[in-house]
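Asks: generate a structure from the sequence data that follows.
(one chain, ligands or ions: 1)
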Amino acid sequence: MDPDPQPKAMVRPASGGDRLAPVALQLPPLSPGAATGPAEAWLPWSGLSLALFLMLHLAAVSLALVDPARFERLAAALHQQVWLPAAELLLAAALLLHPALALLRTLRNRRARGPAAGPLRSRRAAGAEAVAALAARWAPWSGGVLLVFLVVHLLQLRLHRPAPGDELAALLAALASPVSLLLYGLAGPAVALHLFHGHESAHRSLGWLEPANRERIRRLGRGLALALGAGFSLLPVALVLRATQPAIAP
Ligand code: HEM
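Replies: Modelled structure (predicted):
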């Protein structure tokens with residue numbers, strides 16, 4: 001086996017003649033995000049923007065449980081904002097770009113490793129590290145679940161806008177079907193798994209992960225993943241349970 005991993009190129013020696021001599025190509029050392037093109041630089045940014053959206057989204061939709069009247073007021077006010085179409089356009093761009101760029105990176109990395117290499121196997125051991133290894137391996141699947149969920153979710157709640165004051169009724173109508181409730185139930189764990197890997201991976205791709213801050217970023221990302229996953233999993237169930245409870249007379 002070649003002990004020097006640098007690829008070789010054949011050049012004509014300066015002394016002339018037809019013989020080709022091998023020389024080492026001086027490539028920059030491979031960094032974790034190195035197998036990326038310029039377009040793929042948007043992959044971590046789109047992922048982090050979507051994580052920020054999910055934090056705001058969970059905070060907003062939680063109002064449906066804790067303060068329904070405020071939830072209705074917020075939804076009505078939101079749809080009167082002049083900046084909303086621009087924000088939604090940016091959100092749609094991130095939602096479309098992110099899976100497309102992730103697919104591009106997966107294909108590029110697979111091509112760089114070669115067909116004989118097979119899938120990456122992590123040597124990380126147990127506990128949270130085993131979950132992180134699983135989350136990394138399943139990232140395309142958790143992302144796929146979220147894509148399917150999003151298509152259904154947007155068709156239900158964004159394409160057909162309810163009248164002002166009917167937001168919670170529309171949400172409960174969307175959750176009424178067992179299939180749709182199951183999809184919401186899957187979306188929560190998918191968010192958790194995707195972010196468990198994605199938060200740290202995005203920081204690494206942006207070159208922000210250093211030995212000094214790695215543990216802090218890792219703990220923050222995993223905590224955020226679990227909080228968002230739990231919130232998006234429990235909220236639909238809590239909303240449906242509350243709606244089926246008989247109203248308590250004053
Ligand atoms: C507990 C689970 C969830 C509930 C109850 C919920 C509820 C809602 C509601 C009521 C809307 C309509 C908001 C409006 O237009 O005023 C909405 C929109 C939206 N939701 Fe969710 N959502 C949930 C989970 C998710 C998840 C997990 C994602 C992403 C993976 C997501 C992404 C979106 C997007 C992109 C929009 C459109 C935002 C816009 O264009 O204004 N939602 N959601």
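Asks: how much space between residue 181 and the ligand?
Replies: Distance, residue 181 to the ligand, by C-beta to the nearest ligand atom, to the nearest Å: 11 Å. The way it works is simple: take the backbone N, C-alpha and C, and place the C-beta from them, glycine included.
Asks: quick one: that residue and residue 243, what's the gap?
Replies: According to C-beta to C-beta, to the nearest Å, residue 181 stands 12 Å off from residue 243.
Asks: okay, those two: which has more neighbours?
Replies: residue 181 (16 against 13; other C-beta atoms under 10 Å).
Asks: pull up the residues of the chain that are close to the ligand.
Replies: 54, 57, 61, 75, 78, 88, 91, 146, 150, 153-154, 157-158, 167, 171, 184, 187, 191, 232, 235-236 (C-beta under 6 Å from any ligand atom).
Asks: now with 5 Å?
Replies: 61, 75, 88, 146, 157, 158, 171, 187, 232, 235, 236 (C-beta under 5 Å from any ligand atom).
Asks: then the fourth one would be within a helix, right?
Replies: I take that to be residue 146. Yes. Counting by DSSP: H, G, I helix; E, B strand; the rest coil, residue 146 is part of a helix.
Asks: against residue 224, how distant is the closest residue to it other than its chain neighbours?
Replies: Counting by C-beta to C-beta, 6 or more residues apart in numbering, the nearest residue to residue 146 once its immediate chain neighbours are dropped is residue 190, at 5.1 Å. Going from residue 190 to residue 224 by C-beta to C-beta gives 15 Å.
Asks: pick out whichever of those two has more residues nearby.
Replies: Applying other C-beta under 10 Å to residue 190 and residue 224 shows that residue 190 carries more neighbours, namely 24 against 17.
Asks: average pLDDT for stretch 156-168, rounded please.
Replies: Mean per-residue pLDDT for stretch 156-168: 93.
Asks: list the buried ones in it?
Replies: 156, 157, 167, 168 (16 or more other C-beta atoms under 10 Å).
Asks: which residues does the first one contact?
Replies: Contact partners of residue 156, counting by C-beta atoms under 8 Å, 6 or more residues apart in numbering, are 170, 174, 180.
Asks: quick one: which of the residues you listed is nearest the ligand?
Replies: residue 170 (7.1 Å; C-beta to the nearest ligand atom).
Asks: just the element for the closest one, please.
Replies: Secondary structure from DSSP states H and E places residue 170 in helix 167-175.
Asks: check residue 195 too.
Replies: Going by DSSP H and E, residue 195 is part of helix 178-205.
Asks: and that helix with helix 167-175, angle?
Replies: 100 degrees (axes from the mean of the first three to the mean of the last three C-alpha atoms, to 10 degrees).
Asks: report all helices and strands that helix 178-205 contacts.
Replies: helix 42-66, helix 127-137, helix 139-154, helix 167-175, helix 214-244 (3 or more C-beta pairs under 8 Å, 6 or more residues apart in numbering; DSSP states H and E).
Asks: residues of it that come out buried?
Replies: Buried, per 16+ other C-beta under 10 Å, within helix 178-205: 180-181, 183-188, 190-205.
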